[in-house]
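# my questions are about this predicted structure, shown below with the sequence.
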Amino acid sequence: MTTLQLNPVDTGTEPTAEDLAPLAFAGYAHFTAAQVRGGRVRGLDLHLDRLRSASVELFGRALPDDRVLSCLRAAVEAGPADLSLMATVYSPAGEFTVAGADDEPRVLVRTGPAASGPEGPLALAAVEYERFLPAVKHVGELAKTYFLRQAAGQGFDDAAFVDRRGRLSEGSIWNLAFWDGASVVWPVAEMLDGVTMGVVRRQLERLGVPQRDQEITLADLPELAGAVVMNSWTPGVAVRRIASVPLPEAPSFVELLHRAYRAEPLTSL
């Protein structure tokens, strides 16, 4: 595993215990995760957009893209050609404080073995839950692990979240996508727009595949022809059941999403 730090002066330095303390003992930070293949990544523009917008939301300022890219590049160059990458942005001011004008955000980049996600098909428990700041991929996510473990204890593979209006939104670490037999259906609710989701959506558009946005409840599931979860690991793992509602595995739908994802060019850092 490689861990590199970006601070206001140095790029690509190894962090000290003092550097890591604001992260180890606090939860005010955000991140993005990616799979690197051959030293390159899909959706790099979306990752940078995510980090930039989340930094403005949490810290009121964002680091220049070129400085973030320098740290990402240093981490990738220090590891194997294929790896998992996570870039976390945080403030050295820590948590429960008011950051000063000179407290510039920092980036911690961690790499590990490449991953591709579970094979599926998965059974998802339905849990009523709405994330705080759902549009930000932040680190304060105790509920995600809690509900995942609760679901596993009930014989499910993971959990899907249902908001107070009864709409399916996302999974513990996943976006949801559905299939009606002709179109890809994206759920409408407050959620995190995943990078893989963004990549798949724009490539489906280029391929001419119909897509639509729709509020989806558990009662709507019997009318659908398939469902998947997706995240940085994979553009699609089949879902066979949400709560007590069975869903067709729809292998052609899963393959369509993987084909769209593969159509996205890999970009060098």
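All right, it came through fine. Numbering: from 1, shown residues only.

# only C-alpha atoms from now on, for both contacts and neighbour counts.
Noted.

# ok, which stretches of the chain are helices?
17-24, 44-59, 65-77, 142-153, 195-207, 251-263 (DSSP state H).

# okay, how far is it across stretch 218-227, tip to tip?
End-to-end distance of stretch 218-227 (CA to CA, to the nearest Å): 12 Å.

# least confident of the helices of the chain, on average?
Sorting the helices of the chain by mean pLDDT places helix 17-24 lowest, at a mean of 71.

# in TSV, list the helices of the chain along with mean neighbour count and distance to residue 90.
Output for the helices of the chain, formatted as TSV (neighbours: other CA atoms under 10 Å; distance: least, CA to CA, whole Å):
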stretch	mean neighbour count	distance to residue 90
helix 17-24	14	7
helix 44-59	18	8
helix 65-77	19	13
helix 142-153	16	18
helix 195-207	19	20
helix 251-263	18	30
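
# I'd like those as JSON lines, with distance to residue 125 appended.
Shown next, in JSON lines, are the helices of the chain (distance: least, CA to CA, whole Å):
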{"stretch": "helix 17-24", "distance to residue 125": "31"}
{"stretch": "helix 44-59", "distance to residue 125": "28"}
{"stretch": "helix 65-77", "distance to residue 125": "36"}
{"stretch": "helix 142-153", "distance to residue 125": "6"}
{"stretch": "helix 195-207", "distance to residue 125": "21"}
{"stretch": "helix 251-263", "distance to residue 125": "21"}
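
# so which of the ones you listed is nearest residue 239?
helix 251-263 (10.0 Å; CA to CA).

# mind giving me the packing neighbours of that closest one?
Packing partners of helix 251-263 (3 or more CA pairs under 8 Å, 6 or more residues apart in numbering; DSSP states H and E): helix 195-207, strand 234-242.

# how about the residue lying closest to residue 182 once chain neighbours are set aside, phi and psi?
Excluding its sequence neighbours, the residue lying closest to residue 182 (CA to CA, 6 or more residues apart in numbering) is residue 210, at 7.1 Å. For residue 210, the backbone dihedrals are phi -60, psi 140 (criterion: degrees, to the nearest 10).

# isn't residue 210 up against residue 183?
Yes. Counting by CA atoms under 8 Å, residue 183 is a contact partner of residue 210 at 4.8 Å.

# neighbour-wise, which of those two wins?
Counted by other CA atoms under 10 Å, residue 210 and residue 183 do not tie: residue 183 has more neighbours, with 14 against 11.

# so which of the helices and strands packed on helix 251-263 gets nearest residue 120?
Taking those one by one with CA to CA, strand 234-242 is closest: 5.8 Å.

# what about the residue nearest to residue 268 when sequence neighbours are not counted, distance to residue 129?
Nearest non-adjacent residue to residue 268, counting by CA to CA, 6+ apart: residue 40, 4.5 Å away. Per CA to CA, residue 40 is found 35 Å from residue 129.

# that'll do, ta.
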